[in-house]
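Participant: Quick check, what structure comes out for this input:
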Amino acid sequence: MKIRILTFITVAIAVCSHVEPARADAEADRLREALRSATLQTRQLEDQRTALQAKLADAERDKAAAKAQVDAAKAQVRQVEKQHREAVDEFNKRLSERDETLEKWKAAYEEAANVARDKDAARARFEGEANAYKASTKGCVAKNEQMLKAGRELLKQYKSVTIGDTIVAHEPMLGLRRVEIQNNIQDTGDKILDQKAEQ
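Facilitator: Sure, this is the predicted structure:
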């Protein structure tokens, strides 16, 4: 651009040098004024160009900074996504471990409940047997009392036997006393057998 302006000025000066001197002075003044104006415009344009180059450099720096920020943000997003995936994986792992533990606890609870039910059933069965044994024992005690009573009667009869009773019992003719004694023995034996404890 400077070259065009300088070329223009050079051509203008050459043209003016061929023009008459009075008119040449006016023309030279006008050309000088044009040269000043062109020089001023050139300086302004140079200043604008320098300002635009500075703005461009600033924009390039801002672009580079923005790109660096974007790259940093992308890296941060990747890092956050990675942490998120790891956290989700860890959460799922803990959740599955909790589920496994819960299943183990459920199985242990079921086993304990089964053992408790078995123990309750056994306890109920043993209580029933104990009650039956208590009732049986009471019956045995009552029968034992009856047996003792029958035994005492037998001892009483045995003690009351005299020599005369023995002779009469062996009397061979009628055998009445013998039958009576045998009937007493049979009755006492029956009473004793009636008191036998049932199993």
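Participant: Low-confidence stretches in the protein?
Facilitator: Scanning the chain for pLDDT under 70 picks out 1-24, 158, 161, 164-178, 181, 195-199.
Participant: any idea how far the helix or strand encompassing Glu110 is from the chain center?
Facilitator: Here Glu110, judged by DSSP states H and E, is contained in helix 21-159. Taking Cα atoms, centre = their mean, to the nearest Å, one finds the center of helix 21-159 at 11 Å from the center of the full chain.
Participant: now for it, which elements pack on it?
Facilitator: Identification of packing neighbours for helix 21-159 by 3 or more Cβ pairs under 8 Å, 6 or more residues apart in numbering; DSSP states H and E yields helix 2-18, helix 176-194. Glycine gets a C-beta too; all of them are placed from N, C-alpha and C.
Participant: Next, name the residue at the spatial heart of the chain.
Facilitator: Of all residues in the chain, the one closest to the mean position by Cα atoms, centre = their mean is Arg98, 2.8 Å from it.
Participant: now it: how far from Ala107?
Facilitator: Distance check for Arg98 against Ala107: by Cβ to Cβ, to the nearest Å, it reads 15 Å.
Participant: got it, and Leu52?
Facilitator: In this structure, Leu52 and Ala107 are 80 Å apart, going by Cβ to Cβ.
Participant: that older thread, next, the angle from the helix holding Glu110 to helix 176-194.
Facilitator: For the pair helix 21-159 and helix 176-194, the angle between their directions (axes from the mean of the first three to the mean of the last three Cα atoms, to 10 degrees) equals 170 degrees.
Participant: what does stretch 106-120 contact?
Facilitator: Contacts made with stretch 106-120 from outside it, assessed by Cβ atoms under 8 Å, 6 or more residues apart in numbering, are absent: no residue qualifies.
Participant: from now on call the first residue 59
Facilitator: Right, with 59 as the first residue, what we last looked at is stretch 164-178.
Participant: send the alpha carbons of that stretch over as PDB?
Facilitator: Output in PDB follows, covering the C-alpha atoms of stretch 164-178 (Å, rounded to 0.1, in the frame of the first residue of the first chain):
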ATOM      1  CA  LYS A 164     -31.400 -65.700  55.000                       C
ATOM      2  CA  ALA A 165     -30.000 -69.200  54.700                       C
ATOM      3  CA  ALA A 166     -28.600 -69.100  58.200                       C
ATOM      4  CA  TYR A 167     -31.900 -67.800  59.500                       C
ATOM      5  CA  GLU A 168     -33.800 -70.500  57.700                       C
ATOM      6  CA  GLU A 169     -31.400 -73.100  59.100                       C
ATOM      7  CA  ALA A 170     -31.800 -71.600  62.600                       C
ATOM      8  CA  ALA A 171     -35.600 -71.500  62.300                       C
ATOM      9  CA  ASN A 172     -35.600 -75.100  61.200                       C
ATOM     10  CA  VAL A 173     -33.400 -76.100  64.100                       C
ATOM     11  CA  ALA A 174     -35.700 -74.100  66.400                       C
ATOM     12  CA  ARG A 175     -38.800 -75.800  65.000                       C
ATOM     13  CA  ASP A 176     -37.100 -79.200  65.400                       C
ATOM     14  CA  LYS A 177     -36.200 -78.400  69.000                       C
ATOM     15  CA  ASP A 178     -39.700 -77.100  69.700                       C
END
